[in-house]
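Novice: no sequence for this one, just the structure:
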């Protein structure tokens, strides 16, 4: 077997029997390390071996583990696992959100770094760099956006641990935690809600052309339907006509909708307010649907945002943006204002009493019973 040494005998360049390609090897960090030079030229093989050895020494001096997996390897493994193990159990948009964050932000920053190099300090450096990246409107990423990116990062690191590529997770928590101030969810007050559905009704009259008029009609019914059912937007997007039944409710002697909901929390039921019945009947009459047709095929986001902007309703007094989700928040607040039982609201909205107490009930003045507070001793 032909062999040569370079760098004072620290690196061997050799050729195996029945092979025309040169190999190189060295002993470092208690292990023999070998790699193919992929060349038949001895001079090129020696140059390759010298560069390879110096790169190993650089990693050794920086404290990195030689030959370890990179973040990019772990991210690829996570994508393969997540796609297979959550098939059909996670919203496609939620899954794609993980992949998008990996592609746009995490891989460009962490991709070529060894897993042992991803420390709490490096994660904090990532937060600082991301906070300086402005979007098209000149705004830095929101706290929610940053939180989602760190969640994706944690999932990738856990995937690396399951593969045995990492022995422990770095501390990914925020070093200077903000105060746990509870903010209310953006909703429409009763007067603002009336202003909104009045504006969507007027949009039907001013729409030019059948296509735009139909879109305005669909949006008007969408607003009324969502504010009287409390569905999440993703639940409404999955809703099929066969999931909705018009029934006479024995408890209230009113006609309501019974809805089979499939969404964020899996499968559940919802009983609507009577105000959802007429919008649904109009949808049936207008669309003449098949049982498995989607109730809301169109994306109403752009038209809804335009009307909110025109009516000055896009931001609430705390500068929180109102979206279609705000109709669900409004439904919950309306029920609390009317004195509905908080446990029944939570059950009907497929959420927890804790979430309602934290984000809704704390901001409804009618939830405070003055008879229990303004007590005087005789």
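Specialist: Great, that's in hand. Quick caveat, the model's predicted, so the values are computed rather than measured.

Novice: Wait, residue 160 touches residue 116, no?
Specialist: No. Using C-beta atoms under 8 Å, residue 160 makes no contact with residue 116, being 10.3 Å away. Where C-beta positions appear, they are placed from N, C-alpha and C, glycine not excepted.

Novice: In a strand, residue 255, correct?
Specialist: Yes. Assessed by DSSP: H, G, I helix; E, B strand; the rest coil, residue 255 belongs to a strand.

Novice: Pull up the overlap in contacts between residue 160 and residue 116.
Specialist: Counting by C-beta atoms under 8 Å, 6 or more residues apart in numbering, the residues touching both residue 160 and residue 116 are residue 166.

Novice: of these two, who's got more company?
Specialist: Neighbours were counted for residue 160 and for residue 116 using other C-beta atoms under 10 Å; residue 160 has more, 23 against 15.

Novice: so how far is residue 78 from the more buried one?
Specialist: 8 Å (C-beta to C-beta, to the nearest Å).

Novice: what's the answer for residue 359, then?
Specialist: When distance is defined by C-beta to C-beta, residue 359 is 31 Å away from residue 78.

Novice: Over to the closest residue in space to residue 41 that isn't next to it in sequence: give its phi and psi.
Specialist: Once flanking residues are discounted, residue 41 sits nearest to residue 22: 7.8 Å by C-beta to C-beta, 6 or more residues apart in numbering. With angles defined as degrees, to the nearest 10, residue 22 sits at phi -80, psi 140.

Novice: ok, back up a step: with neighbour numbers in mind, choose between residue 359 and residue 78.
Specialist: Neighbours per residue, other C-beta under 10 Å: of residue 359 and residue 78, the larger number sits with residue 78, 23 against 18.

Novice: So what touches the host helix or strand of that one?
Specialist: Using DSSP states H and E, residue 78 falls within helix 71-85. The contact list for helix 71-85, computed with C-beta under 8 Å, 6+ apart, reads 95, 98-99, 102, 106-107, 110-115, 118, 155-157, 159-160, 163, 165-166.

Novice: just the buried members of those residues?
Specialist: 95, 98, 102, 106-107, 110, 113-115, 118, 155-157, 159-160, 165-166 (16 or more other C-beta atoms under 10 Å).

Novice: Quick check: which ranges of the chain have low pLDDT?
Specialist: Along the chain, segments meeting pLDDT under 70 span 1, 60, 62-67, 87-89, 91, 177-183, 264-266, 362-363, 365-370, 372.

Novice: what about residue 130, neighbour count?
Specialist: When neighbours are defined as other C-beta under 10 Å, residue 130 has 17 of them.

Novice: give me the element it is part of.
Specialist: helix 120-131.

Novice: which of the residues in stretch 276-286 are buried?
Specialist: Applying 16+ other C-beta under 10 Å to stretch 276-286 flags 276-277, 279-280, 282-283 as buried.

Novice: To clarify, my last question referred to stretch 76-91.
Specialist: Across stretch 76-91, burial judged by 16+ other C-beta under 10 Å covers 76-79, 81-82, 90.

Novice: Which residues does stretch 14-22 contact?
Specialist: 1-4, 13, 23-25, 36-42, 45.

Novice: how much does the helix or strand harbouring residue 145 deviate in direction from helix 71-85?
Specialist: Here residue 145, judged by DSSP H and E, is contained in helix 143-162. Relative orientation of helix 143-162 versus helix 71-85 (axes from the mean of the first three to the mean of the last three C-alpha atoms, to 10 degrees): 90 degrees.

Novice: Helix 143-162: what's the following helix or strand?
Specialist: Using DSSP H and E, the helix or strand that follows helix 143-162 towards the C-terminus is helix 190-206.

Novice: Please compute how far that following helix lies from its chain's middle.
Specialist: 31 Å (C-alpha atoms, centre = their mean, to the nearest Å).

Novice: Same check on stretch 274-290?
Specialist: That offset, for stretch 274-290, works out to 31 Å (C-alpha atoms, centre = their mean).

Novice: Identify all contacting residues around that stretch.
Specialist: The contact list for stretch 274-290, computed with C-beta under 8 Å, 6+ apart, reads 214, 217-218, 220-222, 224-225, 227-229, 241, 244, 246, 254-257, 293, 295.

Novice: repeat that for 6 Å
Specialist: Contact with stretch 274-290 is made by 221, 224-225, 228-229, 241, 254-257, as judged by C-beta atoms under 6 Å, 6 or more residues apart in numbering.

Novice: how about the strands in the chain?
Specialist: According to DSSP state E, the chain carries its strands in the segments 3-6, 11-15, 22-28, 31-36, 244-249, 254-263, 266-271.

Novice: Bridge partners for residue 33, pull those for me.
Specialist: residue 26 (DSSP bridges).

Novice: and it, how far is that from residue 72?
Specialist: In this view, residue 33 and residue 72 are 21 Å apart by C-beta to C-beta.

Novice: How about residue 136?
Specialist: 27 Å.

Novice: Who has more neighbours out of the two?
Specialist: Neighbour comparison, residue 136 and residue 72: the larger count goes to residue 72, with 16 against 5 (by other C-beta under 10 Å).

Novice: how deep is the closest residue to residue 27 other than its chain neighbours tucked in, by neighbour count?
Specialist: Leaving out its chain neighbours, the residue that sits closest to residue 27 by C-beta to C-beta, 6+ apart is residue 33, at 7.4 Å. When counting by other C-beta under 10 Å, one arrives at 16 neighbours for residue 33.
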